[in-house]
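Novice: when you get a sec, could you give me coordinates for this:
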Amino acid sequence: MNDRAEMRGPGARERRTTISGGVKQQSNGSKPPPCPGKKTDESARRLNSNGKVDREPGQQRVDKQKKPKSPVDEISEGLSCHVQQESLLSSASGFSNYRGILNWCVVMLVLSNARLFLENIIKYGILVDPIQVVSLFLKDPYSWPAACLIIASNLFILAALYTERRLAVGTVSETTGLILHIFNLTSLLIFPSVTVLTVTSVTPVGGILSLGIYTVLFLKLYSYQDTNRWCREIRQAKARKLTRSYSCPSVAQSNGSAVHSNVSYPGNLTHRDMYYFVFAPTLCYQLNFPRSPRIRKRFLLRRLFEMLFFMQLLVGLIQQWMVPTIQNSMKPFQEMDFSRMVERLLKLAVPNHLIWLIFFYWFFHSSMNFVAELLQFGDREFYRDWWNSESVTYFWANWNIPVHKWCLRHFYKPMLRRGVNKLVAQSAVFLLSAFFHEYLVSVPLKMFRLWAFMGMMAQVPLAWFVGRFLNGIYGNAAVWISLIIGQPVAVLMYVHDYYVTHCGT
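Specialist: Below is the predicted model:
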């Protein structure tokens, strides 16, 4: 114990004496005599070159420690316990740690949805039927029209590749090549739609799947011919060497760039290159894509498990929760009971929005990352923080990055370079998106109501209103409300019209 006291030094002993003895100063004002072995103030302090006092390291540690408070000071602090300050929930307080409230919201959300789930089970029983899912794709187990339609898409892929090869060697003029590409791309949209409308064995779900694949191929092949045309223009301008920057905005080299050698035009016009682009999770073609160094097996298995799990969850939620709600909503729509229509709309909004969020994660994160990892595709930016959107335009620019890049690269910027007004170009982008939304819904359902088209075009005035009058959290709330309420309206309108058209009243 004496050794520990010696190690603490004289300052610690002096501090204990002060605490136990109260006031250290004597009554006559003289200082107590120094302890034996303790350095005096003159020996403990040294003057540096600037005339300031330097203390030894042990002395500095003692000074930094908090000095004891006298009884007078403690009594003085007890007399006043209030200071000027704002409440935590006031904006002027600067407080921002609401993690507990967020956890409370999550708990309430889980409990409320659990109640709805139990109510649904008690009212309808178990409605999940895997066999019914198969019937959504096939009417006849021996007839697979949607699958045959998807396989036939290889004809359009090879037509685009061989046309580019002829243009590369100069056996076909640019005008003739342009006409061939226009014919190929137009046929790519007309052929599947005519097949779906005329072949009665094509189910609505099979039609949506096949038309979705043909739409993706249309955007890919348009980008393919556009990029190769840019390469020919550069070659005609006597460019000696092509790099990635000629075909698209520059992308940093990945760690696996040494494994995958770069190609230059026209060395990219091969079947391997074409089909890699067809299966790659992107809509914009370039000669050399960023590549990852290896396939991460654990990452791949996690994404595969997520794909299978969320697929089953989506099917279960649609059959168990969404279908009964839609069926119960038909009568208020037929009777035009406005109050009941609003009640059914709000009731449908919860499962519809939950299914949409799960689909977003399943498609844009799990599925596209699975394909990208399998193909060692390096660019994994399939979405950005659209949930923080404070404007409608920010949402549409960040929730689907592959489509946004395609529109920006092949549609929006070329219009600006031709002198088109910025607002007109933005409206044209929404017009193109509205066309494809209606194309993917009306053709498989074999009816034309333009609800999806009008819903997309309504985004233009909504974007102007939110950007003009709503900012910050109010703009974000407006975006969420449009997503939660807008989609169920379109679903109910199409389902109601489909039942009336195909099933009578």
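Novice: any idea how far Val263 is from the closest residue to Ala159 other than its chain neighbours?
Specialist: Leaving aside its chain neighbours, Ala159 sits nearest to Asn184 (4.9 Å; criterion: CB to CB, 6 or more residues apart in numbering). The C-beta positions use only the backbone N, C-alpha and C, and glycine is treated the same way. Taken as CB to CB, to the nearest Å, the spacing of Asn184 relative to Val263 amounts to 23 Å.
Novice: kindly report the same for Arg272.
Specialist: Relative to Val263, Arg272 is positioned 10 Å away (criterion: CB to CB).
Novice: neighbour count: these two, which is higher?
Specialist: With neighbours defined as other CB atoms under 10 Å, Arg272 and Val263 compare such that Val263 has more, 14 against 8.
Novice: give me the local confidence score for that one.
Specialist: Reading off the confidence values, Val263 has pLDDT 86.
Novice: just to be sure, it is in a helix?
Specialist: No. Assignment of Val263 by DSSP: H, G, I helix; E, B strand; the rest coil gives coil, placing it outside any helix.
Novice: nearest residue to it other than its sequence neighbours?
Specialist: Using CB to CB, 6+ apart and skipping the chain neighbours, the partner closest in space to Val263 is Leu287 (5.7 Å).
Novice: and the one you found, that's in a helix?
Specialist: No. Counting by three-state DSSP, Leu287 is not part of a helix but coil.
Novice: what is the neighbour count of it?
Specialist: Residues lying near Leu287 (other CB under 10 Å) number 21.
Novice: that one and Ile234 touch, don't they?
Specialist: No. Judged on CB atoms under 8 Å, Leu287 makes no contact with Ile234 at a distance of 11.1 Å.
Novice: before we move on, back to that, what about the residue nearest to Val263, distance to Asn398?
Specialist: In this view, Leu287 and Asn398 are 27 Å apart by CB to CB.
Novice: then Leu161?
Specialist: As it turns out, when the distance is counted by CB to CB, Leu161 lies 33 Å from Asn398.
Novice: check Ile481 too.
Specialist: Distance of Ile481 to Asn398, given as CB to CB: 18 Å.
Novice: who has more neighbours out of those two?
Specialist: Each of Ile481 and Asn398 has its neighbours counted (other CB under 10 Å); Asn398 has more, 17 against 11.
Novice: quick one: the one helix or strand Ile122 maps to to chain centroid distance?
Specialist: Here Ile122 sits within helix 99-124, counting by DSSP states H and E. Taking CA atoms, centre = their mean, to the nearest Å, one finds the center of helix 99-124 at 24 Å from the center of the full chain.
Novice: and if you look at stretch 116-126?
Specialist: Centre-to-centre, stretch 116-126 and its host chain are 32 Å apart (CA atoms, centre = their mean).
Novice: repeat that for stretch 219-229.
Specialist: Computed by CA atoms, centre = their mean, the chain-centroid distance of stretch 219-229 equals 26 Å.
Novice: repeat that for stretch 410-426.
Specialist: Counting by CA atoms, centre = their mean, stretch 410-426 is centred 26 Å from the centre of its parent chain.
Novice: got the contact list for that stretch?
Specialist: When contacts are defined by CB atoms under 8 Å, 6 or more residues apart in numbering, stretch 410-426 is touched by residues Tyr222, Ser223, Asp226, Cys284, Thr393, Ala428, Val429, Leu432, Val460.
Novice: quote the end-to-end distance of that stretch.
Specialist: One end of stretch 410-426 to the other measures 13 Å (CA to CA, to the nearest Å).
Novice: also stretch 377-384?
Specialist: Its first and final residues considered, stretch 377-384 spans 18 Å by CA to CA.
Novice: buried set for it?
Specialist: Of the residues in stretch 377-384, those buried under the neighbour-count criterion (16 or more other CB atoms under 10 Å) are Phe377, Gly378, Asp379, Phe382, Tyr383.
Novice: so what's the backbone phi/psi at the last one?
Specialist: Which is Tyr383. When read as degrees, to the nearest 10, the backbone of Tyr383 gives phi -160, psi 160.
Novice: now it: closest residue in space that isn't a chain neighbour?
Specialist: What sits nearest to Tyr383 in space, not counting adjacent residues and going by CB to CB, 6+ apart, is Phe364, at 5.0 Å.
Novice: again, but for the second one
Specialist: Spatially, and ignoring its direct neighbours in sequence, Gly378 is nearest to Pro290 (3.2 Å; CB to CB, 6+ apart).
Novice: and the one you found, how far from His365?
Specialist: The span separating Pro290 from His365 equals 19 Å under the rule CB to CB.
Novice: and for Asn421?
Specialist: Relative to His365, Asn421 is positioned 36 Å away (CB to CB).
Novice: for those two, indicate the residue with more neighbours.
Specialist: Each of Asn421 and His365 had its neighbours counted (other CB under 10 Å), and the higher figure belongs to His365 (17 against 11).
Novice: so the more buried one sits against Phe382, correct?
Specialist: Yes. Using CB under 8 Å, His365 makes contact with Phe382 at a distance of 7.2 Å.
Novice: please tell me how far the longest helix seen in the chain is from the chain's geometric centre.
Specialist: Among all segments of the chain classified by DSSP state H, the helix with the greatest residue count is helix 204-236. Relative to its parent chain, helix 204-236 has a centroid offset of 23 Å by CA atoms, centre = their mean.
Novice: buried stuff in that helix?
Specialist: Taking 16+ other CB under 10 Å as the basis for neighbour counts, the residues of helix 204-236 that come out buried are 204, 206-212, 214-215, 217-229, 231-232, 235.
Novice: and Arg291, its phi and psi?
Specialist: Its backbone dihedrals place Arg291 at phi -120, psi 140, with angles given as degrees, to the nearest 10.
Novice: please tell me how far it sits from Pro266.
Specialist: Plainly put, Arg291 is 21 Å away from Pro266 if you go by CB to CB.
Novice: quick one, strands of the stretch 51-200 of the chain?
Specialist: Per DSSP state E, counting those that start in this stretch, the stretch 51-200 of the chain has strands spanning 53-55. These are given in chain order.
Novice: show me the shaky parts of it.
Specialist: Applying pLDDT under 70 to the predicted model, the residue ranges of the stretch 51-200 of the chain that meet it are 51-67, 74, 76-78.
Novice: all helices of it, in order?
Specialist: Listed in chain order, the helices of the stretch 51-200 of the chain (DSSP state H, counting those that start in this stretch) span 57-64, 71-79, 99-124, 130-137, 145-151, 154-169, 174-198.
Novice: out of those, which is closest to Val350?
Specialist: With CB to CB as the measure, helix 99-124 is the member of the helices of the stretch 51-200 of the chain nearest Val350 (7.1 Å).
Novice: which helices and strands does that closest one pack with?
Specialist: Judged by 3 or more CB pairs under 8 Å, 6 or more residues apart in numbering; DSSP states H and E, the packing partners of helix 99-124 are helix 323-328, helix 338-360.
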